[in-house]
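In: Below is the sequence, then the predicted model.
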Amino acid sequence: VNQGDNDSRPVLTAPLSLDGESQVDYRAPNLLQRVLGLLRNVRTGSDLTNFQLPPLFNIPKSQLQCFGESLYCTGEDMLSRCCRAESPLERLTSIVAWSISTTRPLIFGVAPYNPILGETHHVSRGNLNVLLEQVSHHPPVSALHATDDREELEMIWCQHPVPRFYGTKVETEVHGKRQLKLLSLGETYVMNAPKLLIRFFPVPGVDWVGNVRITCQETGLGAELCYQAPSLIGRNRRSIKGKIIDLSSSKTLYEVDGHWDNTVMVKDVRNGKQKVIYNAAEIISGLKTPQVKDTKGISWSESAVVWSEVSRGILSKDWDKAREAKRSIEEEQRELKKERDSRGETWIPKHFTVSCNKENGWDCSPIQKSVPSAPIHVPFDC
């Protein structure tokens, strides 16, 4: 990111939510034909990591913002519920529900911007402070650090998406580890993320699929969740099944069943009793847009500033303006990379230390112990 006199006003748009498609439709007409035209010369099995989308196929926000929204935009404070649950089993059940809440409906045919190197996103909701940084561009790797000093919790996430084209679909494997630490209890919950599936035929759509595993070595409990792929004609979409287990014996304690865009229940296998642990209508519906509270405190690398001109073009459907603004950002990034290469410099992230190896992939560690309050805040009823 090139620091300078940046007078661009930040552009913040409504978070992706359960009713997102009905609130705003960014999609262009004849969308399926346009998407297939873009992919006409792409070979099956190709890695789409470096594939550049024109603004016509973008929503007016960065992937960093979407990543952060899954944490700081919820209808209820589910993280507090995780901290205050009395027993290890109740805490894990609450964390399963919270993990499901980070799964948000997406819109077929459009995608967020690929973050530029060094881009950041810093938002607060109550006592929860969230900071994200794009720590690598090729390949794209995003890091997240969030802390809540009152609830004594910390989150450290590292995300490395790898999209591949398979003719009738695009599958994105989301590599990286997510950690949720309940500091007062000395418990760390480690989990992964589901895959993203974009289908073109026979029914166009976008879904989360695949397996998610959550483990806590301190309590000896874990969960195995399966986000199930819809049928070829689009039925049984967004269903989720799984179980909560004792890690030492692999014994099932609770069965998990439902739909992540509706309700999810657990059943106690001992007595057959059921209860709802997640209701999407209460958690990811009617979400409010984050607001700028301190204009002077916003960094020049903030996502809402970096992409502001592109977003204004998309929101006004001024595609020439959006295309020119996006081209200008991409050209500047290419020039900055040339300058670094000519000087033999390696990019160093500002907020994280980063490592990568073949065995464990990418790993990110925050430099600061806690995240400070942000200049962008989320209303409490968000």
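Out: It's in.
In: Sketch out the low-pLDDT regions of the stretch 151-300 of the chain for me.
Out: The stretch 151-300 of the chain contains residues with pLDDT under 70 at 232-236.
In: Where do the helices of it begin and end?
Out: Taking DSSP state H, counting those that start in this stretch as the criterion, the stretch 151-300 of the chain contains helices spanning 280-283.
In: now Val42, nearest residue through space, not along the chain?
Out: Excluding the flanking residues, the one nearest Val42 by CB to CB, 6 or more residues apart in numbering is Phe165, at 5.1 Å. C-beta here means a position set from N, CA and C on the backbone, and glycine is covered the same way.
In: what about that neighbour, neighbour count?
Out: By other CB atoms under 10 Å, the residues close to Phe165 number 18.
In: May I have the beta-bridge partners of it?
Out: Legend: beta-bridge partners of Phe165 under DSSP bridges are Val170.
In: Just confirm it contacts Gly45, I think it does.
Out: Yes - contact criterion CB atoms under 8 Å: Phe165 and Gly45 qualify, at 7.1 Å.
In: what do the two both touch?
Out: Here Phe165 and Gly45 share no contacting residue, scored by CB atoms under 8 Å, 6 or more residues apart in numbering.
In: Stretch 294-308: how far from the chain's middle?
Out: Computed by CA atoms, centre = their mean, to the nearest Å, the chain-centroid distance of stretch 294-308 equals 19 Å.
In: Quick check: phi and psi on Lys80?
Out: You called it Lys, but residue 80 is Ser. Dihedral pair for Ser80: phi -60, psi -40, per degrees, to the nearest 10.
In: which residue ranges form the strands in the stretch 251-382 of the chain?
Out: 251-259, 263-268, 274-279, 291-292, 352-357, 361-366, 376-377 (DSSP state E, counting those that start in this stretch).
In: Can you say which of these is nearest to Pro10?
Out: Checking these against Pro10 by CB to CB gives strand 291-292 as the closest, at 5.9 Å.
In: Run through the neighbouring helices and strands of that closest one.
Out: Helices and strands touching strand 291-292, by 3 or more CB pairs under 8 Å, 6 or more residues apart in numbering; DSSP states H and E, are strand 376-377.
In: just how off-centre is the strand it packs on within its chain?
Out: 18 Å.
In: What average pLDDT does it get?
Out: Averaged over strand 376-377, pLDDT sits at 96.
In: can you give me the mean pLDDT across the longest helix anywhere in the chain?
Out: In terms of residue count, the longest helix belonging to the chain (DSSP state H) is helix 319-343. Across helix 319-343, the average pLDDT comes to 93.
In: Can you tell me what sits against that helix?
Out: For helix 319-343, the external contacting residues (CB under 8 Å, 6+ apart) are 2, 52, 54-56, 58, 113, 116-117, 137, 306-307, 309-310, 312-314, 346-347.
In: For ChimeraX, what selects the buried ones among those residues?
Out: Applying 16 or more other CB atoms under 10 Å to the contacts of helix 319-343, the buried members can be selected in ChimeraX as follows:
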select :55,56,58,113,116,117,137,306,307,309,310,312,313,314
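In: residue boundaries of the strands in the stretch 101-250 of the chain?
Out: Here the stretch 101-250 of the chain has its strands, by DSSP E, counting those that start in this stretch, at 111-113, 120-125, 128-136, 141-148, 153-165, 169-175, 178-182, 187-191, 195-199, 205-216, 221-227, 239-246.
In: Tell me which of these sits nearest to Lys296.
Out: Of all the strands of the stretch 101-250 of the chain, strand 120-125 comes closest under CB to CB, at 13.6 Å.
In: Tell me where the stretch 1-150 of the chain has helices.
Out: 20-23, 31-38, 63-72, 78-84, 88-101.
In: Check the ones you listed for me and report the most buried one.
Out: Burial of those is given as mean neighbour count (mean count of other CB atoms under 10 Å); helix 63-72 ranks first at a mean of 23.
In: Counting by contacts, list what it packs against.
Out: Against helix 63-72 (3+ CB pairs under 8 Å, 6+ apart) you get strand 111-113, strand 120-125, strand 128-136, strand 141-148, strand 153-165, helix 303-306.
In: now the ones you listed in JSON lines, with distance to Arg238?
Out: Compiled in JSON lines, these are given as follows (distance: least, CB to CB, whole Å):
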{"stretch": "strand 111-113", "distance to Arg238": "19"}
{"stretch": "strand 120-125", "distance to Arg238": "25"}
{"stretch": "strand 128-136", "distance to Arg238": "26"}
{"stretch": "strand 141-148", "distance to Arg238": "24"}
{"stretch": "strand 153-165", "distance to Arg238": "20"}
{"stretch": "helix 303-306", "distance to Arg238": "27"}
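In: Alright, calling it a day.
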